[in-house]
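Trainee: need a structure here:
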Amino acid sequence: MGAPERLAAPLVAVLGPTADAQLTADPWRLLDLRSVTPEQADFCARTLLGEAARPDDPRRVRALVVHLLRRASRDGHTAVEYGRMARALRGLGVAAPDAALQAAAEDDRILLVEDLPEEDDDEFDGDLPEPPDPERFLALAALDGAERRLAAELVRLTASEPIMDSATATETVRTAAGALGRDPAPETVAALVTVALRGVTVLVCGPAAAAARIEAVRYAAAIAADSQVGMALVAPNASGAAALNRALAGEDVQARTVAAVLSDAAAVPAGLVVVDQATAVDTETFAALAAACPAEAHLVLLADPAQLPSAGPGQVVADLVASRAVAVAKLPDDPAAGPREALAAAVGEGRLPERVDAPGHEVVLVPAASAGEAAHRALQLVTDSVPRTFGVAGEQVPIVTAAPGGEAGAAALNTACKARFNPGPGRVGGLDVGDRVLLAGRGDGYAPGDTGVLRGHDGSGAAVELADGTTVTVTRPAHLRPGWAIPPAAALGGAWPAVVAVFTPDSALSRAALRTVLSLGERHVSVVDATGGALAEAVRGGARPSRSTRLARLLREG
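Mentor: Now for the predicted structure:
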C-alpha cells in the first residue's frame, strides 16, 4: 500500500489480528488511525487498487464519514447535522454525498438519526399544515448510544421521590448551619430544599459562589445523614477531589473521583450523589455515573456553566439547563469574594482590566511580548516567585498552557521543568521516579486529566500517586505523560493551591477559557498573557464554541 511500517503495530492494535485481511478488503480502514489523513489513505488505496479506487467508492465514503464524526467528537460534538456532513464530503471529492451518506448510514459504526422539529405553541387557522421535514443527524453509534443512555437514566432519576419534605429540609439546613456558626442565605436554603425534593438538580455556582458551594456540600451531607440515605461526593479528577477534601477538612464526607467510583463496578452506595465541577464530565462518563446511581437516588450537579465544557464530547450541564427537564437553582455570590473571584466575574461579563487590585497577590496578570518570554516568565513564577510568596513547592504548581506548541507549549515547558525539578535519564518511557505526570487514558481508578507523581515502576506497570493521595497502577505506557505543564482540557475540574496559566496568540482564546483558568487556583493564579491584546478582545467578544448535541431534546421527549 505504500504506508510506512510504523503504522503496522497501531493498526493491529485498532483492527485486531485480522488487520491484514481487513485492509486488503478495504484500504480506507487506514483512517481508523487518528494520525492518518484522507489524502494519505487515498494514496494507499490507489497504490493497492489502482483505477478501481474511486472517490465515491462506498468503502471510502464510510471511512470518511467515520473519520469526520470522530474529528467532530474531538471538538465536543455528539452528532453532526446531515447537511454539514454532506458539505464536508463534497470538499473531499464525493460527488453525490446524499446517496453516499445513505450508504454510509448502513455501517454499524454510524447512526442516521431523524428528529421531527420540536413543536411550538403557535396557533394556526384553517387546514392542518403539512408535516415538517425531519431534522437529520449522523452520529457515531457508540456515542449516540451513550447520549441516549444518559437521557434515559436522567429521566429515571427525575422521577425519584423526595428525600425530605421542604419544611424538614429547611430545618435540617438551618440546624447544620447553626452548628457551623453560620447564617445561611435564603438562596442557599432554597437550593438545598430543591435538592431534597427533586431527583436531578443543577446548582449554578459562579466564581464568587465558592464559599456557598462548599456550604451546599455540607448541608447536602446533613440532609443525607438525617434522612439516612447516605451521600457520595464525586469530583471529575484527583486534583479536584483533593481540593474538595482540603476545603472539607474535618468533615465526615470525603470526595472521590468519578473514575474511582466507577471502578467499584457496583451501584453507588448512596441515595444522594453530588458531582462537583460537573461541566468537566463528558457524556460517556456521565452516562456511566448516572447508571450507577441507585433507584430513587437524587443527583446534584455543582457547576459554573460559563466555564469551558468537558474535554470529551458533550455539554451535559448546558443541555440539562436548556432542557428545562430538571431543577436549576443558583447559589448566592459572596459579597466579600476576593480579587481572583472578582476578576473571574468581570471576565464573565466581558471585561478584562489591564491591572488587578490584589494586595494579597491572589491573582496577577503578567504581560509578555512573545511566546519565548511567556515561557521564561512562567518558569520564573513556578521556580521562584510563587513558592517564595505562598510557601508552595514549585514542583507542585502546575503550568496550564493554552499554547498548542512552540516555546510556551506543554512539551517545551515540561522539558524545562523536568530539568529544573527532577533531572534524570528518563528510564520509564522518558520519565523518572519523582516526575509529575499527567494520565492521558482510562484505567483502574484513573481517567484522562488525573495528575500525580510517578512513585515506582516494575513488570506490572507504573505506580502513580494521584493528587488525592490514592495510588493507581498504570499498565499502558501511552497513558503516562509529563505533568508539570498541562493543557486546559486536562485541567478541567481540577484545583491546586497555586496555578500559572499561559496564553499565546495561537491559543484557543475565549471568555470561557480564561474564566475556567481563574477557577483552578485556590490561593493564587498568575496569568501570563503573550497575546498582544487578543485575550482581552476574546473576553469582550464572548464567543463560545457551540457543540452539536441531542441530549436536551432527548430529555424533553422523556
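
Trainee: from here on, contacts and neighbour counts on C-alpha atoms
Mentor: Will do.

Trainee: Tell me where the stretch 251-400 of the chain has helices.
Mentor: 258-263, 283-292, 316-323, 339-348, 371-380, 386-390 (DSSP state H, counting those that start in this stretch).

Trainee: Could I get those helices in JSON lines, plus columns for distance to residue 486?
Mentor: Converted to JSON lines, the helices of the stretch 251-400 of the chain look like this (distance: least, Cα to Cα, whole Å):
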{"stretch": "helix 258-263", "distance to residue 486": "20"}
{"stretch": "helix 283-292", "distance to residue 486": "21"}
{"stretch": "helix 316-323", "distance to residue 486": "24"}
{"stretch": "helix 339-348", "distance to residue 486": "21"}
{"stretch": "helix 371-380", "distance to residue 486": "13"}
{"stretch": "helix 386-390", "distance to residue 486": "18"}
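
Trainee: Looking at those, which is nearest to residue 29?
Mentor: helix 283-292 (24.6 Å; Cα to Cα).

Trainee: and the angle for that closest one with helix 316-323?
Mentor: Between the axes of helix 283-292 and helix 316-323, defined by axes from the mean of the first three to the mean of the last three Cα atoms, to 10 degrees, the angle is 70 degrees.

Trainee: Let me see the mean pLDDT of helix 283-292.
Mentor: Average pLDDT, helix 283-292: 97.

Trainee: what's that helix packed up against?
Mentor: Where contact means 3 or more Cα pairs under 8 Å, 6 or more residues apart in numbering; DSSP states H and E, helix 283-292 is packed against helix 141-158, helix 258-263.

Trainee: what do you get if the cut-off is 6 Å, keeping everything else the same?
Mentor: On a contact count with 3 or more Cα pairs under 6 Å, 6 or more residues apart in numbering; DSSP states H and E, helix 283-292 meets helix 141-158.

Trainee: hmm, back to that, mind checking which of the helices of the stretch 251-400 of the chain is nearest residue 2?
Mentor: It is, among those and with distance given as Cα to Cα, helix 283-292, at 36.7 Å.

Trainee: neighbouring contacts of the closest one?
Mentor: 146, 150, 153, 267-268, 314 (Cα atoms under 6 Å, 6 or more residues apart in numbering).

Trainee: go with 7 Å
Mentor: Helix 283-292 is contacted from outside by 146-147, 149-150, 153-154, 262, 266-268, 313-314, 316, using Cα atoms under 7 Å, 6 or more residues apart in numbering.

Trainee: between it and helix 141-158, how many degrees?
Mentor: Using the same axes, to 10 degrees, helix 283-292 lies at 40 degrees relative to helix 141-158.

Trainee: which of the contacts of helix 283-292 has the most neighbours?
Mentor: Highest neighbour count within the contacts of helix 283-292, by other Cα atoms under 10 Å: residue 314, with 31 neighbours.

Trainee: Let me see the contact set for it.
Mentor: 76-78, 282-283, 549.

Trainee: Pull the most distant pair out of those.
Mentor: 282 and 549 (11.8 Å).

Trainee: Pairing partners for the host helix or strand of residue 203, with directions?
Mentor: Per DSSP states H and E: residue 203 is located in strand 200-204. Sheet pairing of strand 200-204 (DSSP bridges) gives strand 298-303 (parallel), strand 327-330 (parallel).

Trainee: mind checking how far it is from the chain centre?
Mentor: Distance of strand 200-204 from the chain centroid (Cα atoms, centre = their mean, to the nearest Å) equals 18 Å.

Trainee: now swap in stretch 358-377 and tell me
Mentor: The answer for stretch 358-377 is 26 Å, by Cα atoms, centre = their mean.

Trainee: outside of that stretch, which residues touch it?
Mentor: By Cα under 7 Å, 6+ apart, stretch 358-377 touches 339-340, 355-356, 407-408, 413, 502, 504, 523-530.

Trainee: Could you tell me the end-to-end distance of that stretch?
Mentor: 19 Å (Cα to Cα, to the nearest Å).

Trainee: Could I get the average pLDDT for it?
Mentor: Computed over stretch 358-377, the average pLDDT equals 97.

Trainee: Could you number the chain from 356 rather than 1 from now on?
Mentor: In the new numbering, first residue 356, that becomes stretch 713-732.

Trainee: how about that stretch: buried residues?
Mentor: 716-723, 725-732 (16 or more other Cα atoms under 10 Å).

Trainee: all strands for the stretch 706-855 of the chain, in order.
Mentor: 718-722, 754-756, 791-794, 806-813, 816-821, 826-829, 835-837, 840-841, 851-858 (DSSP state E, counting those that start in this stretch).

Trainee: need the strands paired with strand 555-559 in CSV with distance to residue 557 and mean neighbour count, can you?
Mentor: Shown next, in CSV, are these (distance: least, Cα to Cα, whole Å; neighbours: other Cα atoms under 10 Å):
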stretch, distance to residue 557, mean neighbour count
strand 653-658, 5, 25
strand 682-685, 5, 19
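
Trainee: pull the CA atoms of the strand holding residue 558 into CSV?
Mentor: Output of strand 555-559 as CSV, limited to C-alpha atoms (Å, rounded to 0.1, in the frame of the first residue of the first chain):
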residue,chain,number,x,y,z
VAL,A,555,-31.9,15.9,39.5
THR,A,556,-30.8,19.4,40.3
VAL,A,557,-28.2,21.7,38.8
LEU,A,558,-26.7,24.1,41.4
VAL,A,559,-25.2,27.0,39.5
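
Trainee: Kindly report the domain assignment for the chain.
Mentor: 360-470, 515-691, 694-786+835-896 (automatic domain parsing).

Trainee: more neighbours, residue 637 and residue 904?
Mentor: The neighbour comparison of residue 637 against residue 904 (other Cα under 10 Å) goes to residue 904, with 24 against 20.

Trainee: quick check, the more buried one in a helix?
Mentor: No: remark: residue 904 does not belong to a helix; assigned using DSSP: H, G, I helix; E, B strand; the rest coil, it is coil.

Trainee: That one against residue 435, yeah?
Mentor: No: contact between residue 904 and residue 435 fails when scored by Cα atoms under 7 Å: they sit 8.1 Å apart.

Trainee: hmm, back to that, so which of the contacts of helix 638-647 would you say is closest to residue 834?
Mentor: residue 617 (18.5 Å).

Trainee: looking at the protein, which helix or strand is least sure?
Mentor: helix 452-459 (a mean of 80; mean pLDDT, DSSP states H and E).

Trainee: list the helices and strands that helix packs on?
Mentor: Under the contact criterion of 3 or more Cα pairs under 7 Å, 6 or more residues apart in numbering; DSSP states H and E, helix 452-459 touches helix 413-429, helix 437-446.
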